[in-house]
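Peer 1: next input, structure requested:
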Amino acid sequence: MDGSSVAADLGSVRGLDKNPADVEHGNEMSEWTAILDDLTAYLRWRQESGVRSEELDPETLKAFMSGTPAGRSPARGPAPETAALRSARVEAPVAGVLSRQRAAEQAAAAEVPASNPADSPEARQAVLAEVAQKVTACRLCALCEKRIQAVPGQGNATSPDILFIGEAPGADEDVQGLAFVGAAGQLLTKMISAMGYTRDEVFIANVCKCRPPNNRPPSLEEMQACLPYLRAQIAAIRPRTIVALGATAVKGLLDSNAGISKLRGTWTAYAGLPLMPTYHPAYLLRYPPAKRDSWDDLRKVLQRLGKPVPEKKAAGG
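Peer 2: Next up, the predicted model:
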């Protein structure tokens, strides 16, 4: 082996469970069948998630290739293989384990403490602290591998008027462990101030709690892995309104592919709470004319909350 990653084309595994002739008959037949059953179920699940290929790292591949099925004598040599079966031999040892492990981990991630409407501020803070601890230890997706720090979010934990939700941390957030502290965060601070609040009076979080490499948008799978943490935070702090910052945050929260220009300024809901989509501050930095539209959206939030609405101006200046 040359040490490079090996990819299995997910389209090539269709019907593996229907082609027993591709596997040598013998005592190991049931073992191969079990492997292929696990592989087929796993890859079908991955296809439904939109994935079209899988990569296996060299160390896992090396570990697999060094072994043989329990029922086979090494002296008999390898069984006849099709190209699809060769892919199956690469992925099968981890496929069933990965799918079962992922399901267990997703369930564990959702087991965050429930919040009672009568909880004291101290009890809500305790819930958020436990969520933050789980986020810090989370290994549900590959984003954990290159993060410096997880970024749970921060702010007012006692029924804030507004919960601002972005897509994921950037480089500054990754270093500091705080949400929205870079250039976009500084603009968000100005937007919050223009609404008559301080950052400590609202809550600021992201759909994803770890920074994607090179600040790319998080994938739907990555966002879905993190959503149990965000739901627990929402249940604990019980904000009066939510402001979704940017198209990626809207996609993660509402599973909508519609453009933010189409969605912004129109009330929708998440977890039974009114949600206002608007532009992400990073976009406003790149395209300042959109600040006025964003400010219109924030004024609607103030109107919904029954708060004084400042004179019309561009958000953040």
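Peer 1: and whatever helix or strand V301 lives in, what's buried?
Peer 2: Secondary structure assigned from DSSP states H and E places V301 in helix 291-305. Along helix 291-305, the positions that meet the burial threshold by neighbour count (16 or more other C-beta atoms under 10 Å) are K291, D293, S294, W295, D297, L298, R299, K300, V301, L302. All C-beta spots, glycine's among them, are computed from the backbone N, C-alpha and C.
Peer 1: and what of stretch 166-174?
Peer 2: Residues of stretch 166-174 classed as buried by neighbour count (16+ other C-beta under 10 Å): G166, E167, A168, P169, G170, D172, E173, D174.
Peer 1: next: stretch 232-243.
Peer 2: In stretch 232-243, the ones that count as buried by 16+ other C-beta under 10 Å are A232, Q233, I234, A235, A236, I237, R238, P239, T241, I242, V243.
Peer 1: could you do stretch 183-190 as well?
Peer 2: In stretch 183-190, residues buried by neighbour count (16+ other C-beta under 10 Å) are A184, G185, L187, L188, T189.
Peer 1: end-to-end on stretch 239-251?
Peer 2: End-to-end distance for stretch 239-251, by C-alpha to C-alpha, to the nearest Å: 20 Å.
Peer 1: do stretch 284-297 as well
Peer 2: Between the opening and closing residues of stretch 284-297 there is a gap of 13 Å (C-alpha to C-alpha).
Peer 1: ok, residues contacting stretch 130-138?
Peer 2: 109, 112-113, 144, 149-150, 152, 209-210, 225-226, 229, 232-233, 236 (C-beta atoms under 8 Å, 6 or more residues apart in numbering).
Peer 1: re earlier: from the contact counts, what lies against the helix holding V301?
Peer 2: helix 183-194, strand 241-245, strand 273-278 (3 or more C-beta pairs under 8 Å, 6 or more residues apart in numbering; DSSP states H and E).
Peer 1: now the angle from the helix or strand that the second one is followed by to strand 273-278?
Peer 2: Toward the C-terminus, strand 241-245 is succeeded by helix 247-254 as the next helix or strand (DSSP H and E). Taking axes from the mean of the first three to the mean of the last three C-alpha atoms, to 10 degrees, helix 247-254 and strand 273-278 form an angle of 160 degrees between their directions.
Peer 1: got the CA positions of whichever helix or strand comes after helix 247-254 in CSV?
Peer 2: Secondary structure here is assigned by DSSP H and E; on that basis, the next helix or strand after helix 247-254 toward the C-terminus is helix 260-263. Extracted C-alpha coordinates of helix 260-263, given in CSV (Å, rounded to 0.1, in the frame of the first residue of the first chain):
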residue,chain,number,x,y,z
ILE,A,260,-31.1,34.7,2.6
SER,A,261,-32.1,37.7,0.3
LYS,A,262,-35.5,35.9,-0.1
LEU,A,263,-36.0,34.9,3.5
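Peer 1: mind listing residues that contact helix 260-263?
Peer 2: Outside helix 260-263, the residues that touch it by C-beta under 8 Å, 6+ apart are G246, A247, V250, S256, P277, T278, Y279, H280, Y283.
Peer 1: most neighbours, which of these?
Peer 2: Comparing the contacts of helix 260-263 by number of neighbours (other C-beta atoms under 10 Å), T278 comes first, having 29 neighbours.
Peer 1: grab the nearest non-local neighbour of that residue.
Peer 2: Nearest non-adjacent residue to T278, counting by C-beta to C-beta, 6 or more residues apart in numbering: D297, 3.9 Å away.
Peer 1: where do the strands sit along this protein?
Peer 2: If DSSP state E is used as the criterion, the strands of the chain fall at 6-9, 53-56, 154-155, 162-166, 203-206, 241-245, 268-270, 273-278.
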